[in-house]
Every structure is written in structure tokens, then in C-alpha cells.
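**Student:** Got a sequence here, can you model it:
(one chain, ligands or ions: 1)
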Amino acid sequence: MIRVDAVAVRIPSLTSTSGPAERVALLRERLAAMAAPTALSCDLSLARFTSFQIGGSADLFFDPPSLEILAAAFAAAHDLAVPVTCLGGGTNVLVSDAGVRGLVVRLGKAFEFIRWTEVDYATADVEAGASTRFIRLAKDSASRGFQGLEFAAGIPGSVGGAAQMNAGAFGGEISQSLTSLVVVSRCGEIVEKSREELQFSYRKLALEAGDMIACLRFRLTRSSVGRLQQEVARVQDKRRRNQPVGYPNAGSIFKNPPGEYAGRLIEKAGLKGRIEGGALVSPEHANFIVNVGSATARDVRKLMSLVQEEVWSRCGVWLEPEVRFIGEWDEAEAAVS
Ligand SMILES: Cc1cc2nc3c(=O)[nH]c(=O)nc-3n(C[C@H](O)[C@H](O)[C@H](O)COP(=O)(O)OP(=O)(O)OC[C@H]3O[C@@H](n4cnc5c(N)ncnc54)[C@H](O)[C@@H]3O)c2cc1C
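**Tutor:** Numbers count the residues shown, from 1 in each chain. Predicted coordinates for the structure are as follows:
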């Protein structure tokens, strides 16, 4: 019989020869001391946190209970040289089948809020926690009679992810009404960045590598509630009619090339309905790849590569992925990009 007090519990300590697994184990100890046990998971499958419903496991998965603990977690990961990956609503990512090494941080309830301050009759400032759903913020703004975010009434995912992607539709982009971001830097500093300091371009925000957005501030202007709500309904109706429903996907898989639509080129190349494993080029909207069965990340990436090559050879345009690749990819998979 083994006496419990005689069993050595191995608590790793960092040495110059500590490998990635030891560093992750040590980070796990540190995070466990910062938050309730439910905030931290090991080897957690990420498939259920992505709209594609695809992806392997994260070594460590953390849902920080406050901004201060988020910052402390980043500082600890930096100190231990453990890589950190930010995940939002998971609606624009393809997570590899092998999963994500190190720490995945996904902001939850503690970062889900909307706070309004009316500056004057015509103007309001709104602050949103990064995990707030973009659609919720768009609808809330419209119902209070403040314009600037109606375009987002059909964009799934979080506002934090939307800022990182400079998400947009129907001529609107999140960067247009944003005034500042509160970010946690790679080494755990909490910094506010004004709009002037941020560089947005098409579906991209150039943040420092490893920065995580915790909170966003917008300035919106007053308009008619009825008109804004009509616009929200129009945007949602247009999406319902144009986008494939029923199968998991990550929205537009490729960026639109300048002056063109990726979907039009894919359709022109005769690729609608092309299938690879469980991944299908949607017959309804060619720039959507849908998971029709148990598609793997490799299936999706292979299909993306095939689409890129066919569109290149038939139309002379190289399509750039809009979806972000997350996690560990082997050489054959990574060649597909
Ligand atoms: C059906 C459907 C329709 C869509 N329509 C549109 C559309 O019209 N327009 C459009 O622009 N997009 C569209 N998308 C794509 C997607 O919804 C947006 O890009 C969305 O804003 C991504 O937000 P997310 O929270 O899901 O981010 P995720 O997919 O989780 O992450 C996207 C990227 O942002 C990073 N990230 C996430 N959160 C943070 C954070 N807090 N701090 C720092 N980095 C972070 C991730 O590391 C990743 O690189 C659509 C997707 C779907 C499934």
C-alpha cells in the first residue's frame, strides 16, 4: 500500500534546460493560484469554441476573471517563455488538428459588458468588454438611437476579435467609430491605445505581436431609432438570403482582391461544390468553405490550396486567406497557404 504523504508531488521549477512541457506545467501552477479551478483547463479541445467546429486541443486554456488577472497571466507566460494565443468568438479562425501549444486565452463573462456615457444630446461614448458579441453591441446602439455600428448586425464573434480583424460589411468597418483600445501587452502591461496610434487596413489591425485587446471605446452619433432599426433588419435579411446556413463555417475564407470579389473568381474557376474530405466549397456562396461532416483542419487547408491554385491558373489572381491559422501545423499542411 502507498502512503499518500509519501508520494512525491512533482512541482516543476524553471531551469535553463526546462523544456516546453515543463514550462507549461509551471505556468499551470501559477495560473491555478490566480483564479477559480473552472477558469483553467488542460488539453481542452478547441473545436467547440470555433464556428468551423474544427481543431485540436490547447495545452492550457484560461478564462481570466479580471483585467488584472489577465495581465498577471500574460506576465507569467512571458516570464516562462510560454507562447500565448488569443481566441475570441472563434468565427474567423482555423485551428490545426494538432492543436495549440502553450496557453490559449479566451475572454469570457468578466469581459462581457457595454457601458454608455452620453456626451451631449448628439453624441455618446460607449465602452465594450472584448468578449461582448459584436451583434449585441450593434443592436444595442441602434435601439438607443446611436449610429455607426449598424453594418455589424450580422457579423458573429466578439468585438475584440472584430477589432483585430477590422471586421466590416456593407461599407462599414469597426475602425471608423473606434476611439481607443485597452490592451494587455505580451509582457503583461495594461496600455490604452488611441485611434491615432492604431494602424488599420483591410481586415487587419497591426497590433504589437502578442497584444490582447481587453476593452474597446467608440464614439457614436445620434440618429433616428426607427431608421437604425430598419437598417439592422435590412442587414440581417440580406445575410440570411446570401450566406449558406446549416453548416459550420468561418465566413469568407479569402480576402477580396482589390476591385474584385473572391467569391466571383472562385465561381468563375468552376469550384463551387468542390469537396475535400469533409470540407466543401459552398454551392451557395463560393467564398465560404463549409464543414459538411467531420472535416479536419487539414481538409480545409487542402481545399483552400486547391482553390488558390485553380483561381491562379484560370484568373491570374492569388487569393489571400482571410481566416487566421492557429496552432501547430506540419510541413505539408503549412505549405498550403
Ligand atoms: C457566418 C459568418 C459571417 C461572417 N461575416 C463577416 C463579415 O461580414 N465581415 C467580417 O469582417 N467578418 C465576417 N466574419 C468573420 C468573423 O466573424 C469576424 O472576423 C469576427 O470579427 C471575428 O471575431 P472573433 O471574436 O470570432 O475572432 P476569432 O475568430 O476568435 O479571432 C480572429 C483573430 O483575432 C484574434 N483575436 C481574437 N480576440 C482577440 C482579442 N481580444 N485580442 C487580440 N486578438 C484577438 C485571434 O487571435 C485571431 O487572430 C463572418 C464569420 C462567419 C462565421
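
**Student:** Next up, the contacts around Arg298.
**Tutor:** If a contact means Cβ atoms under 8 Å, 6 or more residues apart in numbering, then Arg298 has 97, 277, 333 as its contacts. Any C-beta I mention is one placed from the backbone N, CA and C, and that applies to glycine too.

**Student:** from these, which are also near the ligand?
**Tutor:** Counting by Cβ under 6 Å from any ligand atom, the subset of these that neighbours the ligand is empty.

**Student:** Kindly reformat these as CSV containing neighbour count, distance to Gln176 and pLDDT.
**Tutor:** Listed next are the contacts of Arg298 as CSV, based on neighbours: other Cβ atoms under 10 Å; distance: Cβ to Cβ, whole Å; pLDDT from 0 to 100:
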residue, neighbour count, distance to Gln176, pLDDT
Asp97, 20, 37, 97
Gly277, 16, 39, 96
Glu333, 20, 36, 75
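
**Student:** What distance do you get for the closest residue to Gly327 other than its chain neighbours to the ligand?
**Tutor:** With Cβ to Cβ, 6 or more residues apart in numbering as the criterion, Gly327 has its nearest non-adjacent residue at 3.5 Å, and that residue is Ser96. For Ser96, the distance to the ligand equals 13 Å [Cβ to the nearest ligand atom, to the nearest Å].

**Student:** Same check on Tyr247?
**Tutor:** 10 Å.

**Student:** Against Ser141, how distant is the closest residue in space to Val235 that isn't next to it in sequence?
**Tutor:** Once flanking residues are discounted, Val235 sits nearest to Ala153: 4.5 Å by Cβ to Cβ, 6+ apart. From Ala153 over to Ser141 the distance is 10 Å, taken as Cβ to Cβ, to the nearest Å.

**Student:** Val100 too?
**Tutor:** Computed with Cβ to Cβ, the distance linking Val100 and Ser141 is 34 Å.

**Student:** okay, those two: which has more neighbours?
**Tutor:** Remark: of Val100 and Ser141, Ser141 carries more neighbours, 27 against 24, as counted by other Cβ atoms under 10 Å.

**Student:** doesn't Thr221 make contact with the more buried one?
**Tutor:** No: using Cβ atoms under 8 Å, Ser141 makes no contact with Thr221, being 10.4 Å away.

**Student:** Give the residues shared as contacts by the two.
**Tutor:** Shared contacts of Ser141 and Thr221, defined by Cβ under 8 Å, 6+ apart, comprise 147-148.

**Student:** Which residues are in contact with Gly145?
**Tutor:** Contact analysis of Gly145 by Cβ under 8 Å, 6+ apart lists 222-225, 228.

**Student:** show me the contacts for the residue of the stretch 201-337 of the chain found nearest the ligand.
**Tutor:** Closest to the ligand within the stretch 201-337 of the chain is Gly251: 2.4 Å, counting by Cβ to the nearest ligand atom. Residues in contact with Gly251, defined by Cβ under 8 Å, 6+ apart, are 51, 91-92, 156, 288, 322-323.

**Student:** same thing with Ala163?
**Tutor:** Taking Cβ under 8 Å, 6+ apart as the test, what Ala163 contacts is 130, 174-175, 178, 181, 205, 213, 216.

**Student:** filter the residues you listed down to the ones near the ligand?
**Tutor:** Restricting those to those within reach of the ligand (Cβ under 6 Å from any ligand atom) leaves 130, 213.

**Student:** quick one: which of the contacts of Ala163 has the most company?
**Tutor:** Using other Cβ under 10 Å as the neighbour criterion, Ala130 leads the contacts of Ala163 with 28 neighbours.
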